[in-house]
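Visitor: Give me the fold of what follows.
(one chain, ligands or ions: 1)
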Amino acid sequence: MARYIFITGGVVSSLGKGIASAALAALLKARGYKVRNKKLDPYLNVDPGTMSPYQHGECYVTDDGAETDLDLGHYERFTGVSSKKSDNITTGQIYWSVLTKERRGDYLGGTVQVIPHVTNEIKDFIAAGVDDEDFVLCELGGTVGDIEGLPYLESIRQFANEKGRENVMFMHLTLLPYIPTAGELKTKPTQQSVHNLLSYGIQPDMLLCRADRYMGEDERRKIALFCNVKPERVISAVDVDNIYKIPCVYHGQGMDQQVCEYFKLPINQEPNLCSWEGFEKKLDFAKNNGKVRVAIAGKYVVLPDAYKSLSEALFHAGVENGTKVEIDWVNTEEINTMEEAKKAFENADGILVPGGFGSRGTDGKMLAVQYARENNIPFFGICFGMQMAVLETMRNLVGVRDAVSSELSKEGTPVVSLITEWEKDGRIETRTKNSDMGGTMRLGGYPCHLEDGSKTKEIYGESDICERHRHRYEVNNKYENALKENGMIVVGKSPDGLLPEIVERPDHKWFIGVQFHPELRSRPFEPHPLFVSFVDAMKK
Ligand code: GLN
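Guide: Got it, this is the predicted structure:
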């Protein structure tokens, strides 16, 4: 039977619960256990698919086509385990399900209430999709005491009572602020946060205390005493210069051993942390061994979390190449002329146009593509970025001056247009112009066949790949020849040959556009080949 670890947060938000959950899962995996991470999100959206990246950061897409919280990206990167639709639960989904049952008459005349109907639904969701995992780590979004989080606290309390307290561990992440005038780390907010948690019937079994320095023995003992936790189970979540150092920092304080002890599992065997230690060495080397500058020409440039997986993928590829990758975020709304493009990109070793939605900033994106093409600067177009690259060639080289995506304008020649029918797992999926916005894109992993002799095939080292998608529009394959005559070759297509998935320019140093999101599959120990090759090209 799976053992459950619930991770809650207190004092303030943004303490890094997602990374903490991911790091603990990585340690348990390194001990040979099968792990799964889940995220409970108390907001009312059904999923983050319709939320602005400014509000919630990137929307992470799973292989099975769910639009999820960006923490699922951390889980995958730290554990290598592919997330599933059932790994991210929101209040919106819970209520959707409860209300559907109510309309169907499933509650047979009963009054439908938060307790027990909503809490039962939450408990079912927590256990859903769990097979033979040894550990399920379940992170609760928000901080203890948030009104919308209350049904979740009640649910996990009940869950522990039903599964048996010995099969469930509660871990609480808090903040230890350092007060310079007093010269000490303060434990009171942690104590109060734990009291708050206790008022919902939850006694934490382990505390993870975020601070800018390690706590001393006195502080540890004080927290343990007042919070009713063993001192060995009060762990310093100390700031580090790179998130991939966290598993080793936790292990150094015996965290995974304490978890095993709690669940009465053998502790004499050490976890295998070779890959983590190896990666740490490689990243420290890369940090001090030259750098490349990539300009990311996008829209949400003031909030790096909006492109979390992208910056991680570039980082992984940098470490693999033994170099630091510096990102220059360029707001394409401020680029209206070639002179402005030159100013923005002349110091870049490479230009990347990432995924995006809507017409704002698109002229600047097309200028970014043109600048990269004309100056032989490595160019990587991802999803929207690939569409921009295709439109740039159509407009400037093929001569179809009004080439457009139907997402951007109803007028002009729709070279990129709404796709209304495609195949998924042998079934035909259909959409119309009037379909809902939420959950109706081409989402998740789709196979793609690569052309012999292409650079992309050489980079992947195989002919058939599967990559994750999240888009509504597609390049119309009837323009394939026109593009080809102007140097842009479609080198990857859906297996039925209908959907262009990858374009490249053989006459260029490195110019690749992909309709999917390769960054979602990059992991520190398995950097994505396209990013590795792109960084390599920038280095040269
Ligand atoms: N807006 C484009 C589409 O829907 C691209 C989406 C993306 O970049 N993820 O097709």
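
Visitor: which other residues reach stretch 113-130?
Guide: By CB atoms under 8 Å, 6 or more residues apart in numbering, the residues outside stretch 113-130 that reach it are 2, 4, 36, 38, 40, 84-87, 89, 93-95, 97-98, 107, 136, 138, 151-152, 154-156, 158-159, 162. Using the backbone N, CA and C atoms, a C-beta is placed for each residue, glycine as well.

Visitor: Would you list the buried entries among these?
Guide: Among the contacts of stretch 113-130, those buried by neighbour count (16 or more other CB atoms under 10 Å) are 2, 4, 36, 38, 40, 84-87, 89, 93-95, 97-98, 136, 138, 151-152, 154-156, 158-159.

Visitor: among those residues, which are in helices?
Guide: Using DSSP state H to define helices, the subset of the buried ones among the contacts of stretch 113-130 located there is 93-95, 97-98, 151-152, 154-156, 158-159.

Visitor: where along the stretch 101-250 of the chain do the helices fall?
Guide: When secondary structure is read from DSSP state H, counting those that start in this stretch, the stretch 101-250 of the chain shows helices at 119-127, 150-163, 188-198, 217-227, 246-252.

Visitor: other SSEs contacting the second one?
Guide: Helix 150-163 is packed against strand 3-9, helix 119-127, strand 135-140, strand 168-175, with contacts defined by 3 or more CB pairs under 8 Å, 6 or more residues apart in numbering; DSSP states H and E.

Visitor: ok, now the shortest one?
Guide: Using 3+ CB pairs under 8 Å, 6+ apart as the contact test, the elements touching helix 246-252 are helix 17-30, strand 234-238, helix 274-287.

Visitor: what sits up against the helix or strand bottoming out on mean pLDDT in the chain?
Guide: In the chain, no helix or strand scores lower on mean pLDDT, DSSP states H and E than strand 421-424, which sits at a mean of 72. Counting by CB under 8 Å, 6+ apart, strand 421-424 makes contact with 428-431, 442, 446, 494, 496, 498-499, all of which sit outside it.

Visitor: That strand pairs with which strands?
Guide: strand 427-430 (antiparallel) (DSSP bridges).

Visitor: Show me what the strand it pairs with is in contact with.
Guide: Residues outside strand 427-430 that contact it (CB under 8 Å, 6+ apart) are 420-423, 442.

Visitor: and if we set it to 10 Å?
Guide: When contacts are defined by CB atoms under 10 Å, 6 or more residues apart in numbering, strand 427-430 is touched by residues 419-423, 440, 442-443.

Visitor: Distance from the very next helix or strand once past it to the middle of the chain?
Guide: Proceeding N to C from strand 427-430, the next assigned helix or strand is strand 442-450, under DSSP states H and E. Distance of strand 442-450 from its chain centroid, counting by CA atoms, centre = their mean, to the nearest Å, is 18 Å.

Visitor: Show me what counts as buried in strand 442-450.
Guide: By neighbour count on 16+ other CB under 10 Å, the buried set for strand 442-450 is 442-446, 448-450.

Visitor: The ligand: which of these is nearest?
Guide: The ligand has its nearest neighbour among the buried residues of strand 442-450 in residue 442, at 8.1 Å by CB to the nearest ligand atom.

Visitor: Any stretches of the stretch 201-350 of the chain with poor pLDDT?
Guide: By pLDDT under 70, the stretch 201-350 of the chain has no low-scoring segment.

Visitor: near the ligand, which residues of it?
Guide: Applying CB under 6 Å from any ligand atom, we find that the stretch 201-350 of the chain lies next to the ligand at no residue.

Visitor: For the ligand, what's the nearest residue on the stretch 201-350 of the chain?
Guide: Nearest residue of the stretch 201-350 of the chain to the ligand, counting by CB to the nearest ligand atom: residue 298, 9.9 Å away.

Visitor: Quick one: residues contacting the closest residue to that residue other than its chain neighbours.
Guide: Take residue 298 and drop its neighbours on the chain: the residue closest to it by CB to CB, 6 or more residues apart in numbering is residue 354, 5.0 Å away. Taking CB under 10 Å, 6+ apart, we find residue 354 in contact with 296-301, 306-307, 309-311, 365, 380-385, 517, 519.

Visitor: Equivalent analysis for residue 46, please.
Guide: Counted by CB under 10 Å, 6+ apart, residue 46 has contacts 67, 90-96, 438-439.

Visitor: burial of residue 267, as a residue count?
Guide: If you count neighbours by other CB atoms under 10 Å, residue 267 ends up with 14.

Visitor: ok, it touching residue 260?
Guide: Yes - under the contact definition of CB atoms under 10 Å, residue 267 touches residue 260, with a separation of 4.9 Å.

Visitor: Determine which two of the contacts of strand 421-424 are furthest apart.
Guide: Farthest-apart pair in the contacts of strand 421-424 is 431 and 496; separation 17.4 Å (CB to CB).

Visitor: Neighbour count: these two, which is higher?
Guide: When residue 431 is set against residue 496 and neighbours are counted by other CB under 10 Å, the residue ahead is residue 431, at 16 against 9.

Visitor: Backbone dihedrals for the more buried one, both of them.
Guide: Dihedral angles of residue 431 (phi, psi; degrees, to the nearest 10) stand at phi -140, psi 160.

Visitor: Off-centre distance for stretch 40-51?
Guide: The chain centroid and the centroid of stretch 40-51 are separated by 15 Å, computed with CA atoms, centre = their mean.

Visitor: got it, and stretch 447-460?
Guide: Distance of stretch 447-460 from its chain centroid, counting by CA atoms, centre = their mean, is 26 Å.

Visitor: now stretch 167-187
Guide: 27 Å.

Visitor: Any buried residues in that stretch, and which?
Guide: 168-177, 185, 187.

Visitor: Figure out the length between the terminal residues of it.
Guide: From its first residue to its last, stretch 167-187 covers 29 Å (CA to CA, to the nearest Å).

Visitor: And for stretch 325-340?
Guide: The stretch stretch 325-340 measures 23 Å between its terminal residues, going by CA to CA.

Visitor: The ligand contacts on this structure?
Guide: Within the chain, the positions lying close to the ligand (CB under 6 Å from any ligand atom) are 355-357, 383-384, 407, 470-473.
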